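>>> Need a 3D model of the following:
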Amino acid sequence: MNIIPVPTLILLQLVPFLLSIFVLYFVLFKPMLKYLDERDEKIAGAKAKVLSMQKQSAENMGVLKEKTTSLRKEINMLRSEARAKVMNEYNKTIYEARKEADKEIKENAKKIHTNQDLVRAELKMKAQEVAKTIASKTLGRSVS
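Presented below is the predicted three-dimensional model:
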């Protein structure tokens, strides 16, 4: 038994091994490495795109928040103006209605006082007539 290897045998075994490595490199390893590199590039591109989209959406959210805030302020201002206008019209209407009611009350009070005076005068006359009638019946003669 010989422990030292034979160089020709090693060369004969090394040639098919190197040939198979060479063929495997072009057939298997090179396409696989190309595919993995392309995949890494796509992943990196997708990550960059996602970061870009996140940044853009954050900017858009900021703009939308500013617009929302300004629109809310504008709406509140318009609401306050409308409320003030309606309250002004309401107060004006109430003032005019009260003014008219006061005028009507004064007119009616005058009519009542006038009617009171007429009724008093009429009652005074009727009271005198009734008194004369009672006195004439009581006395049994006519009283003037």
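>>> residue ranges of the helices in the chain, please?
Ranges of helices within the chain are 7-24, 30-139, based on DSSP state H.
>>> got the ones you listed as a markdown table, with mean pLDDT columns?
Converted to a markdown table, those look like this (pLDDT from 0 to 100):
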| stretch | mean pLDDT |
| --- | --- |
| helix 7-24 | 92 |
| helix 30-139 | 94 |
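>>> can you redo these as CSV with mean neighbour count?
Yep, even glycine has a C-beta here, placed from its N, CA and C like the rest. Shown next, in CSV, are the helices of the chain (neighbours: other C-beta atoms under 10 Å):
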stretch, mean neighbour count
helix 7-24, 10
helix 30-139, 10
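>>> In contact with the spatially most central residue of the chain, which residues?
Most central in the chain under C-alpha atoms, centre = their mean is residue 72, positioned 7.6 Å from the mean C-alpha point. If you count contacts by C-beta atoms under 8 Å, 6 or more residues apart in numbering, residue 72 has none.
>>> State the distance from it to residue 79.
10 Å (C-beta to C-beta, to the nearest Å).
>>> again, but for residue 31
Separation of residue 31 from residue 79 (C-beta to C-beta): 69 Å.
>>> next one: residue 104
37 Å.
>>> What of residue 120?
According to C-beta to C-beta, residue 120 stands 59 Å off from residue 79.
>>> next one: residue 23
Using C-beta to C-beta, which is the criterion applied here, residue 23 is 81 Å from residue 79.
>>> do the same with residue 133
If you go by C-beta to C-beta, the gap between residue 133 and residue 79 works out to 76 Å.
>>> can you check residue 138 too?
Residue 138 sits 82 Å away from residue 79, going by C-beta to C-beta.
>>> Tell me the spacing between residue 108 and residue 13.
Counting by C-beta to C-beta, the gap between residue 108 and residue 13 amounts to 134 Å.
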